[in-house]
Every structure is written in C-alpha cells, then in structure tokens.
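Trainee: Predicted model and sequence follow; I will ask about them next.
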Amino acid sequence: MLTVTRLEKSFATEDGPLRVIDGVSFTVPDGQCYALLGPSGCGKTTTLRCVAGLEEPDAGRIEIAGTVVYDSAARIAVPTNQRPIGIVFQSYAIWPHFDVFENVAYPLRVARPRIARGEIEDRVMAVLDLVGMRDLAKRPAPRLSGGQQQRVALARAIVRRPKLLLLDEPLSNLDARLRDYMRKELADLIERIGITALFVTHDQAEALSLAQRVAVMNEGHLIQEGAPREVYSAPATAFVAEFIGGSNIVEGRVASRNDARAQVALQGGGPVFEIDMEATPGETVNVLFRPEGIRLSTTPVEGGNVLSGTISASIFTGSVIDYTVALAGGLRLRVIAPSDQQFERGTAVWLTVRDVRGLKREHPPSGT
Amino acid sequence: MPLPQCATPTTTDWSSRIIPTLGAIAAVYLIAVPLAMLIYAAFRGPADFLPFEAGAQWTVDNVRAVFTDPIMYGEIIPDTLTFVAGTVCLTTVMALAMAWLIERTDLPYRGVWFALIIFPTLVPIVVQAIAWILLLSPNAGWINRLIRVATGWSGKGPVDVFSMAGLIFCQSLSVAPFVFLQFSATLRAMNPAFEDASRGSGASTWTTLRRITLPVLLPGLLAPIILITLITFEQFELPLIIGLPGGINVFAYRIYNELNPASGLPNYGRAAAISLPFLAMGLLALLAYNHAIRNAEKFVTVTGKAYAQRRIPLGAWRWPAYGFLGFYVGFAAILPALILLWTSLFGFSVPGSVPLDQASLASYRQLFADPLLWRAVRNSFTVAILSALIVTLLGALIAWIVTRSTFSGRWLLDALSFMSLGIPAVITGLAVMVLYLSVPIGIYGTVWILVIAYSYRLAVSTRLSRATIMQVHKELEEASEAAGARWLTTQVRILLPLIMPGLVSAFLLLFIIGMREFTLPFVLYSQENVVMSVLIWQFFQGGEPARSAALATLMIAIVLPLVVFARRYLVSRGAGE
C-alpha cells in the first residue's frame, strides 16, 4: 500500500518558485495498479520521483507498505536506496557496461546483508524467465532492442521483490505497434506478480487499460480520481473531459429545469438538450459531446438531441474517420465515425447526439 | 527471502559528503593558496626577502618599482602585445585553412596529412625551438646556408629567426595543431542540413557560405582564437630560447629574469608585482573564452556530434593545397625531426659536407653513460604520471560536484578550476616557489614540488570529465540508487566505469602536457629534480648540440609510441588544449 498525503513541491526558477505539486493526496491499495495521468508539466513525474526519494518534497507525508519514508513534520526522509521500491525509468536506464544478467543481478549484488551467489543466479534467471529474456541473459546491454530493454528494466525493478513498483512513462520510448503489444504484456505481468504499482503517463489509453484506478493531474493538482470507466464517462471538469478521450465543449444557457434535468440551449441556437445536472435557470454552463458519441447521417433524423450541419473537413486514419462538422450557428464539432461512413466535403449531415453531459463553469481547484 | 532491510531512516551516506569535501579542499589548495601567496608576496618587502621572513614588512615599493619602470612601457607591454597579436593572426589563418582542407575538401591522403599536422603536439616546445634554431639561425642555420649557397648571398642571414617575425612564425607553427583540432571539430559538428536548407531555398554556394556557413560557425571559431591568445600570452620557452637573443622582452621572460637576475639575489616581491597585471589579463582573456564557448553552445554547433560532410572537389587547386600543407608540415614536423636526428649523429656539420659513414653514435653513448640522463628520465615520468593521475581524479571529482551535487559553493569551485587555464605557467611556478620557500615542509627542490605545481592544471580534466559525466544519463545512477545501492557503490560500480574512457583520455592528455612541460621545471629547477626537457635545454646551452639532439630524439622515440597506442582515445574526443 502506498499513501501520499498533502504532498507539496516547488522548484526554483528564474521567475521565482514554481509550484509543481500542490497538495496532492492519494492511496494505492495493495496489489493495485494506479496511474497518474496528465499533460507534460502537470507534476505527475515529480510526484513519482518524490515517492521514489529521487526528489525531496517541501511538505507532506509518504508511506510505503506501512513504513513512513517521508514526513516533513517528523523530519523523516529515507534515501532512495533504503526504500522498498523498484523503478522502471522512461529511458530504461539499462547500464551499458553490464550484460542483461548483470543488469538484473545488480539490485541483489548490492543488497545488505549479502545474498549468496547461487541464490542470485536462481532469482535472476527466474525473473528473466518471467519477462521472456532467459535466452538473452549474456547479451551486452547496448545490443538490446527497445522492447528488450523494457523487459530488462522491468526484471531489474522486480528482482528484489519490492513492495512498490514505480513506472515512469514505461511505454513512451517504444514505437506505436510495439507499444500496444508491450502494454498487454505489462498489464499481464503486473497482475501475475500481484505487485502494488504506481505509474505515470500522458497517454490516456495506456492509463485506462493498465490501471485499476486513474488520477488525472493538471498544474500540480489532482483533479479527479476514479476507476478508468468512471473518469471517462463522468469527467469532473472540462479539462478532464478534453484530456481523456477528447471532447467538444460548447457553451450553453440553462433555459429551465425540472426534476434533476436541465433544459440547455446551445450558444449558436439549435435544439434544446436535456441534461442531468445541478443548475439554475439563466446560468451559463459547458455542454460536452464526445466525438465518438455522435452519429452522422445524410437523411434528416426526427427526435430530440439532433443537430444539423455540413462536413467541413475529414481526416482518414484507417480504422475511423475524424470529421469536422460546421453547424448552422457557426459552431464546429469534431465527430469520429466508422471508416465505412464516408462523406464528401460540403455534404449536409444530421448529427444524433447520444452522449451529452453538462458541467458547471467554475473549475473546482481540486477533485479530492 | 526477505527484502533487503528497509530500516528506519538513516542519515545520508558519510562518503557522499566527505569525498567531495576533500576534493574541494585539494582544488583550493592547488590553485587558490599559491595565488594568495603571490598577491601577498607582491606587497611584502624589502627586495630579496621572502614574504614571511623575519624583517619583511608591508610595502608598495615592488608595485611602484615595476610600474614606473620605463622598460615595462617601452618593451614588455608592446613586445607582449605584438607577439600575441601576430601569432593570433598567423595561426588562425593557417589552422583554419588546414582544418577546411582536411574536413571539407576531397584532398587526397587526408589521414596522413592529419597525423603529420598533429605530430608537433607531442614534441616539447624546447625541442621544437632548438630544431628551428638549427634550421633558421642567421649564421649556421641550414636553410640560411642553403640560400647563401644557392644565391651567393654574403654575410649572415638572409633569414633571422631571432626576431619578432621569427618568434611569431615559430609560435604559430607550434600552436597551430591545437587550434587545428578545435577548428576541425567545429567544422565536423556543423549540421549539413543548414547548408542544404539554404541551397534548397534557392541560395547559391557563395551566398550560403556568406549568409549561413560563416555566421553559424563563427561562435565555434571564436573560442579557439581566444585560446591561441591565452596559450601565446603565457608562452615562456620560445621567448626564452628565440626571443631573448633577438632582444625581445615579453612579460613571461621578465618574471623569470627577476628571479634569476644577471647579478644579485632573486627579487620575489618584484616578480610577484609584475605578475599581477598579467594575471588579470590572463583571467580577462579566460572570461572572453568562457563567453565564447557559451555562445557556441547556444548555437548548438558544438554538440560533439559529427556529420558526414559533403566535400568540395579541389581539382587543380590541390597543388597549391599540397604546397601550403607541405610548407607547414615541413617546418613544423619533418625538417625539425630530420635535423635533430642528423645533429645527434653528425653534430653541426651540414649534409654534403661530411661522408655519411662518419655518422657517430658517440653522443648517444655519452648520453646513456650519464647518470643525469637516468635521473631526468625517472623524474619526467614520475612527475608526468603522478600529476596526470592527481589532476584526472581531482578534476573528475570537481566535475561531479559541479554537475551532480547540490553543494552550495560549487560555482566557486567551478570558477577556480576553470581559472587555472588563464594562469600563466611562469606565474604558477613563481607562486609555488614562494609558497614552498616560505612553508618549510622540505619539498622545495624535489620532484614533489613539481608534482604539486603541475597539478594546478585542473581545468583540462574538469572540462573533459564534465562533458563525459553530462553524457551519462542521470537515470542510470538513479536506477542504481533505486536498486538499493549506497552512494559510493553507485559511483564506483556505475558512474566510474561509464566515464572511464573520458578519464583515460584526460589522463593521456595530461601525461603529454606533463612530458612537454618546460616552464615549471625550469623555474623550479634544482640538481635533484631535473627533467628531460630541461636537460635538453641545458645541453644545448652548454654547447653540446649533438647530445641535446640525441636526448630530444630519444624523448620523441619514447613518447611517440606511447601516444600513438592511445591516440584513438584522444582524437575521437578532439581534445587538444
């Protein structure tokens, strides 16, 4: 279990101190995989480095597997080499002067009390087996491919059976095809060894598919935390909605309200949408449409939640087509359609919105 | 199996504090202490008293005497400036032309030319100077005798190496290879895409050269040019050996002269007082150098990355190119080597005047029988190896402190070690001399004072190690920490092996500098601590050119194979200060 409490960290810059982590708290239960997700500069990597002890926070408390490793109030700061962790670095940091075996054996060789030679051999081979690198044990590090380096980095991180595995953008150094493959493999492996893991990524697909819980960070704050499906389907802020899955965000005004539903008119005119949300009539709110939650058709569609417009641009990406649709009121929406739905530019289309969500305009400073 | 104990929090490793602190203290001791002593000495008198000697007191007499001396304004300053300015111009033109021919044209036999051009970097300047005197002295110089025979010229000359022009010519020949290496690195590091992009925009070759190539290269060329200024400014051997007979009086020689006056006792205070303005000038040039390097880095032409350059076909122009390179290599490498070998076998006689079977190994036999030779050989190696070892390790430690630690005085340490580049050797010699004459720990006159004096050149190692350490991704060390290793384990098992090639090349470079060194052992000379370069000069001055040439030949024969063996380390890094 990892518990991070009210973590704070500033860096000195030429324009004064820059607050990169601002009161971040979260808990990773035993055996779970937890993802910190956010754009670059949001503080996620710094958070991970504070947990690792590679960076010293300004304030807060960090507890790994029941041991306090950092506590600003109690003036505790355990050095990295005495924390029960394993790290997979973004660059993999495979030592070029060792071969595969020596890279993986290193954590055991430096362990005190000493570990017997034979045992080191057994444990290294066992873990190399686990990552499928047994046959390459004697290969020099500079001759490893990206995927192989990643496996070695992982083997090295878990060989001494740490209580917590930290992964810093573990897949970002791989090319797209290998990334998909290694993602599945990594998920499988983490589950098999049942280790508690914290990983950092800017790739939402990676976070959603690997982690049991996801925390979205921005500008040093933890904005929203939850199960992947939850964060995806119920984003707490426009930022989260935009960052996860992408979203069309349109300004709207609450016309009226009955029960738990508000009737919202879009800024450029068009139909009134019924949205589940707390809002008072007259209030301006954000209306969210998922690009993949809109269906296009060239024939008029009757019913609620239907808009009309013309196709103004399209990007063919193979599996789907990414359309930009200009609405009558001047708005532009992004729509992702299956690749068999091909429309010429200028085609008049009707948009059936199946997934619409409303959000308050003010952004709460922190989701937790 | 239990996890390595994750015990209660401990204090940080003692080794991570103590080792860098010791390194910092050593660096301060090697550079700052002698300098402080020098400044102190400049304000102590009366003349021929050591600063701490009983009877010495505070005084401005030294400074006044030095700065009211008409020789200072009439000879030393103008001579020093002419010498430096002339050398900078001539060297820049020669070295840039050579670098361009080797790096950017299709000149045939580039590898051979390259090796010949950098050969003089291995030869002590005393040896070069002696060879140039044998070639170009107005009376007996081979070239002059050849010209006189060919043209019927009567009297001396026509070429006189003992002149300002001769001094500048010799100094340029001697510095050019160092600057050539730097210019080559700059040319090699230029991304050809800059030029391609210009051509792709429709610019002609000439416009591209003028608007793109030169402006992009300029910052990278400026730093080596300032380096010539620094090297020439502190040059002592050539002003002593070639300048002095020509009546040229530069500051480096002037300091030596105060310590070894024709009559009377050494005047430490006045020597220190002369040093002060020149020390300031050296440091000023260093600041400019630092600024130039930073500028160059901003332009990212100096990334250490080499690109495949498109070579310009020379066509018939290769004949003038051969002529130019042949002239340089002839005077800087081939003729000196030949004349030394010849002189060691035949003495002063000219080829053609003696039958070849009169060659005599007598001078070599005498040399080997001389116990002084073996002492000099032992001293040279002891001092060169030990000082190279000290500077390499200390420099690496300082580089580590500057790049990796959060030690708050690290910029000061960085500045101090960098400063050593700007301190003329003759001033270091003086400072070390005054220091160990005053502090009686019994090393004055021994090889140990040379080891300490040589070790002030920290910048050479700091700068090489720093570049090497910066290439080691920080995560490689963090991964070791995360694997549970202590600080010292990480340094010894991860960082040290990774920067070893850099350390080896720094060591080799410092070893060569140490073997070439003449100024420090000459200023700090005693019977006991004589080194090869000083002995060569003593033989020559004592009227034994054959023995001097024999020792010079021997020295090159020892150093050359050592260095050629290790050359790949050096050249691959383009290190050449």
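Mentor: Yep, it's here.
Trainee: can you list the domains in the chain?
Mentor: Just so you know, I chose chain A. For chain A, the structural domains run A:2-242, A:243-360, going by automatic domain parsing.
Trainee: my bad, chain B
Mentor: The record's domain parsing of chain B by automatic domain parsing lists B:1-7+B:19-41+B:364-541, B:56-301+B:314-353.
Trainee: Can you give me the pLDDT of residue 234?
Mentor: As the question left the chain open, I've gone with chain A. pLDDT, A:A234: 83.
Trainee: that answer is for a different chain, and I need it for chain B
Mentor: We note a pLDDT of 84 for B:E234 in this prediction.
Trainee: cool, B:W100 as well?
Mentor: As predicted, B:W100 sits at a pLDDT of 86.
Trainee: I'd say it and B:L187 touch.
Mentor: Yes - if you go by Cβ atoms under 8 Å, B:W100 and B:L187 touch, sitting 6.7 Å apart. Placement of C-beta: from N, CA and C, glycine included.
Trainee: Pull out the buried residues from stretch A:55-68.
Mentor: Neighbour-count burial for stretch A:55-68 flags A:55, A:57, A:59-65, A:67-68 (criterion: 16 or more other Cβ atoms under 10 Å in any protein chain shown).
Trainee: so where is chain B shaky, pLDDT-wise?
Mentor: When residues are selected by pLDDT under 70, those of chain B lie in B:1-13, B:47-48, B:191, B:193, B:196-202, B:205, B:296-310, B:350-357, B:359, B:566-577.
Trainee: Please enumerate the strands of it.
Mentor: Residue ranges of the strands in chain B, as given by DSSP state E, are B:44-45, B:57-58.
Trainee: Show residues contacting the last one.
Mentor: Contacting residues not belonging to strand B:57-58 are listed as B:43-46 [Cβ atoms under 8 Å, 6 or more residues apart in numbering or on different chains].
Trainee: now whichever residue of the stretch 101-250 of chain A sits closest to chain B, nearest residue through space, not along the chain?
Mentor: Among the residues of the stretch 101-250 of chain A, A:P107 lies closest to chain B, at 3.6 Å counting by Cβ to the nearest Cβ. Using Cβ to Cβ, 6 or more residues apart in numbering or on different chains and skipping residues adjacent in sequence, the residue nearest A:P107 is B:A483, 3.6 Å away.
Trainee: Now the phi/psi pair for the residue positioned nearest the centre of chain A, please.
Mentor: To find the centre residue of chain A, average its C-alpha atoms and take the closest one (Cα atoms, centre = their mean): that gives A:L37, at 3.0 Å. Reported as degrees, to the nearest 10, the phi and psi values for A:L37 are phi -120, psi 140.
Trainee: List the contacts of it.
Mentor: Contacts of A:L37 by Cβ under 8 Å, 6+ apart are A:44, A:201-202, A:204, A:207, A:214-217, A:243-244.
Trainee: ok, the closest residue to B:Q182 other than its chain neighbours - contacts?
Mentor: Counting by Cβ to Cβ, 6+ apart, the nearest residue to B:Q182 once its immediate chain neighbours are dropped is B:P224, at 3.9 Å. Residues touching B:P224, when contacts are defined by Cβ under 8 Å, 6+ apart, comprise B:95, B:179, B:182-183, B:186.
Trainee: Try it again at 7 Å.
Mentor: By Cβ atoms under 7 Å, 6 or more residues apart in numbering or on different chains, the contact list for B:P224 reads B:179, B:182-183.
Trainee: A:E292 too?
Mentor: For A:E292, the residues meeting the contact criterion (Cβ under 7 Å, 6+ apart) are A:I336.
Trainee: For A:G245, see how far away it is.
Mentor: Taken as Cβ to Cβ, to the nearest Å, the spacing of A:E292 relative to A:G245 amounts to 8 Å.
Trainee: likewise B:F169?
Mentor: Taking Cβ to Cβ as the measure, B:F169 falls 74 Å from A:G245.
Trainee: which among the buried residues of stretch A:55-68 gets closest to B:W487?
Mentor: Closest approach between the buried residues of stretch A:55-68 and B:W487, by Cβ to Cβ: A:E55, at 16.5 Å.
Trainee: Helix, strand, or coil at the closest one?
Mentor: When the structure is split into helix, strand and coil by DSSP: H, G, I helix; E, B strand; the rest coil, A:E55 lands in coil.
Trainee: helix or strand for the residue lying closest to it once chain neighbours are set aside, which one?
Mentor: Once its chain neighbours are removed from consideration, A:E55 has its nearest residue in A:R49; the separation is 4.0 Å (Cβ to Cβ, 6+ apart). Taking DSSP states H and E as the definition, A:R49 sits inside helix A:44-52.
Trainee: So what are the sheet partners of whichever helix or strand comes after that helix and their directions?
Mentor: Per DSSP H and E, helix A:44-52 leads on to strand A:59-64 as the next helix or strand towards the C-terminus. Partner strands for strand A:59-64, per DSSP bridges, with pairing direction: strand A:2-13 (antiparallel), strand A:67-71 (antiparallel).
Trainee: Out of those, flag the one nearest A:Q263.
Mentor: Closest to A:Q263 of the strands paired with strand A:59-64, according to Cβ to Cβ: strand A:2-13, at 41.0 Å.
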